[in-house]
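Asker: need a structure here:
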Amino acid sequence: MKRLMLSMVLALAVSGCMEKDQSGKSAGGAKLPAADVAAGKAFAERECKACHDLSGKGAAPAIPHLAAQRERYLLAALKAYKDGKRVHAALREIASHMTDADARNLSAYFAGLPPVQASGSKDPASLSPYEHGKSLAGACAKCHGDDGNSRIAGTPSLAGQQPHYLVVAMQEYLNRERKAAPMHGLLPRLTRLDMESLALFFASQAPAERPASSTGSAAAGEPLSAVCGGCHGSHGVSTDTSTPSLAGQDARYLVEAIKAYRTTRKRESMRLYVTGLSDKDIQHLAAFYTVQKSRAVEKGQTLVKDLTDKCERCHAAEAEIPGMAVPKVRGQDRDYLIMALRAYRDDRRESSTMHKMSLPYGDAVIESIASYYAGQPAR
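Answerer: Sure thing, here's the model as predicted:
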């Protein structure tokens with residue numbers, strides 16, 4: 001789900017895909033000494049056991065499993081902590097005092113351990129924010145329609161709407177920043193993940209075409225839409241997950257919403273534009289957008305599978321990509337995966353590839369991806 005979710009395409013990683021290979025050769029290309037696994041175990045006994053156990057299993061949620069992890073990935077991660085590219089006070093302190101030999105020995109030790117058995121959930125409900133959203137959508141059907149296509153004048157359609165915008169709109173109702181509506185009674189029961197899942201479900205529905213408005217002229221509204229196109233897209237189909245699509249929306253709702261920017265809705269750029277419009281201009285503008293064709297902006301039904309298929313290109317257990325320190329993620333701790341993916345999305349961990357791929361997605365999608373991989377058998 002773009003920027004919600006979610007909108008991160010997501011190539012899942014415990015850390016950066018693009019770390020340089022730190023194993024096997026020095027900067028000049030000379031072969032490094034072989035690792036001393038016994039020395040690595042002794043180092044782990046002194047410094048790592050409390051968090052990662054000698055078995056390489058994370059001692060608590062959000063602590064990663066290190067057992068059977070790729071050696072060169074572990075080396076790259078230690079270097080990142082030592083160089084301050086990853087933020088963790090204890091690990092940076094430990095890494096700063098490690099010699100290159102210590103890092104090789106420790107990485108070889110954990111890489112040689114048998115993998116930790118997967119303990120994540122395989123419950124389909126935890127893997128699909130779309131299905132979760134679908135289960136919640138029944139409460140919205142009376143006003144917005146079973147598939148998000150409202151048939152009540154003055155009530156907006158949600159089908160094909162941008163997901164992040166829907167989440168923001170729900171929060172504005174919750175915070176009483178929009179006028180009182182039936183929404184107020186429903187929203188307090190929803191968590192942030194519920195809202196994101198609900199938004200993904202509606203964003204994935206096909207908008208229905210609408211008849212022409214009886215109160216305005218689409219032809220007269222078209223020239224008025226020129227300024228709107230910069231944000232809301234050509235003919236009202238937005239390409240920005242935070243900006244609503246206007247195409248195919250209920251005309252009466254559009255009129256009321258546009259007028260609200262004069263008074264109650266707090267969007268300065270919108271207020272400046274709509275203040276110059278007459279009531280008749282607003283009716284024409286609404287009439288224009290009402291008859292424009294819209295589309296679903298997400299494919300929530302297959303989103304998690306589509307994303308994990310792309311993740312597998314780099315993170316499949318069988319893959320070893322030359323020059324890249326790519327971690328194994330199957331069977332990894334779910335909470336750690338969530339934490340790592342959020343760090344990439346929020347630009348708190350370095351990796352240009354992962355940042356670009358995870359940026360568009362919110363917590364509902366991130367948690368579903370993490371649940372999927374945590375439930376896979378480690379190899």
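
Asker: now the terminal residues of stretch 267-285, how far apart.
Answerer: 18 Å (Cα to Cα, to the nearest Å).

Asker: who's in contact with that stretch?
Answerer: Defining contact as Cβ atoms under 8 Å, 6 or more residues apart in numbering, one finds that stretch 267-285 is touched by 213, 215-218, 220-221, 224-225, 227-228, 231, 251, 254-255, 258-259, 261-262, 265. All C-beta atoms are positioned from the backbone trio N, CA, C, and that covers glycine.

Asker: now those residues: which count as buried?
Answerer: Members of the contacts of stretch 267-285 that pass the buried threshold by neighbour count (16 or more other Cβ atoms under 10 Å) are listed as 213, 216, 218, 221, 224-225, 228, 251, 254-255, 258, 261, 265.

Asker: skip the chain neighbours and tell me the closest residue to residue 40.
Answerer: By the measure of Cβ to Cβ, 6 or more residues apart in numbering, the closest residue to residue 40 outside its immediate chain neighbours is residue 109, 3.1 Å from it.

Asker: oh sorry, the question was meant for residue 65
Answerer: residue 116 (4.3 Å).

Asker: circling back to that earlier point, what is the most widely separated pair among the buried ones among the contacts of stretch 267-285?
Answerer: Distance extremes for these: the farthest pair is 218 and 265 at 24.1 Å, using Cβ to Cβ.

Asker: quick one: low-confidence ranges for the stretch 51-200 of the chain?
Answerer: Per-residue confidence of the stretch 51-200 of the chain (counting by pLDDT under 70) places the weak regions at 119-126, 180.

Asker: now the helices for it?
Answerer: With DSSP state H, counting those that start in this stretch applied, the stretch 51-200 of the chain shows helices at 71-82, 89-96, 100-111, 124-127, 129-137, 141-144, 163-174, 183-186, 192-203, listed in chain order.

Asker: next one: the stretch 201-350 of the chain
Answerer: For the stretch 201-350 of the chain, helices defined by DSSP H, counting those that start in this stretch occupy the ranges 218-224, 229-232, 251-260, 268-274, 279-290, 303-315, 334-345.

Asker: what's around residue 34, how many residues?
Answerer: Residues contacting residue 34 under the criterion other Cβ atoms under 10 Å number 10.

Asker: also residue 219?
Answerer: The number of residues packed around residue 219, counting by other Cβ under 10 Å, is 10.

Asker: what sits against it?
Answerer: Applying Cβ under 8 Å, 6+ apart, one finds that residue 219 lies in contact with residue 288.

Asker: please apply the same query to the one 3 residues further on.
Answerer: Contacts for residue 222 were tallied using Cβ under 8 Å, 6+ apart; they are residue 288.

Asker: from residue 287, how far off is it?
Answerer: In this structure, residue 222 and residue 287 are 10 Å apart, going by Cβ to Cβ, to the nearest Å.

Asker: now swap in residue 158 and tell me
Answerer: Summarising the geometry, the distance separating residue 158 from residue 287, computed by Cβ to Cβ, is 21 Å.

Asker: check residue 156 too.
Answerer: Distance of residue 156 to residue 287, given as Cβ to Cβ: 16 Å.

Asker: ditto for residue 152
Answerer: Taking Cβ to Cβ, one finds residue 152 at 18 Å from residue 287.

Asker: which of those two has more neighbours?
Answerer: Neighbours were counted for residue 152 and for residue 287 using other Cβ under 10 Å; residue 287 has more, 23 against 14.

Asker: contacts only, for the closest residue to that one other than its chain neighbours.
Answerer: Here the nearest residue to residue 287 in space, its sequence neighbours aside, is residue 216; by Cβ to Cβ, 6+ apart that works out to 3.2 Å. Shown here is residue 216, whose contacts under the criterion Cβ under 8 Å, 6+ apart are 251, 280, 282-288.

Asker: gap between the residue lying closest to residue 103 once chain neighbours are set aside and residue 324?
Answerer: If the residues on either side of it in the chain are set aside, residue 103 comes closest to residue 78, at 4.8 Å by Cβ to Cβ, 6+ apart. Using Cβ to Cβ, one obtains 16 Å as the distance from residue 78 to residue 324.

Asker: of these two, which one has the most company?
Answerer: residue 78 (22 against 18).

Asker: now do the contacts for that one.
Answerer: Residues near residue 78 by Cβ under 8 Å, 6+ apart: 95, 98, 103, 106-107.

Asker: most surrounded residue in those?
Answerer: Of all those, the highest neighbour tally under other Cβ under 10 Å goes to residue 106, namely 29 neighbours.

Asker: surely it and residue 44 touch.
Answerer: Yes: taking Cβ atoms under 8 Å as the definition, residue 106 is a contact partner of residue 44 at 6.2 Å.
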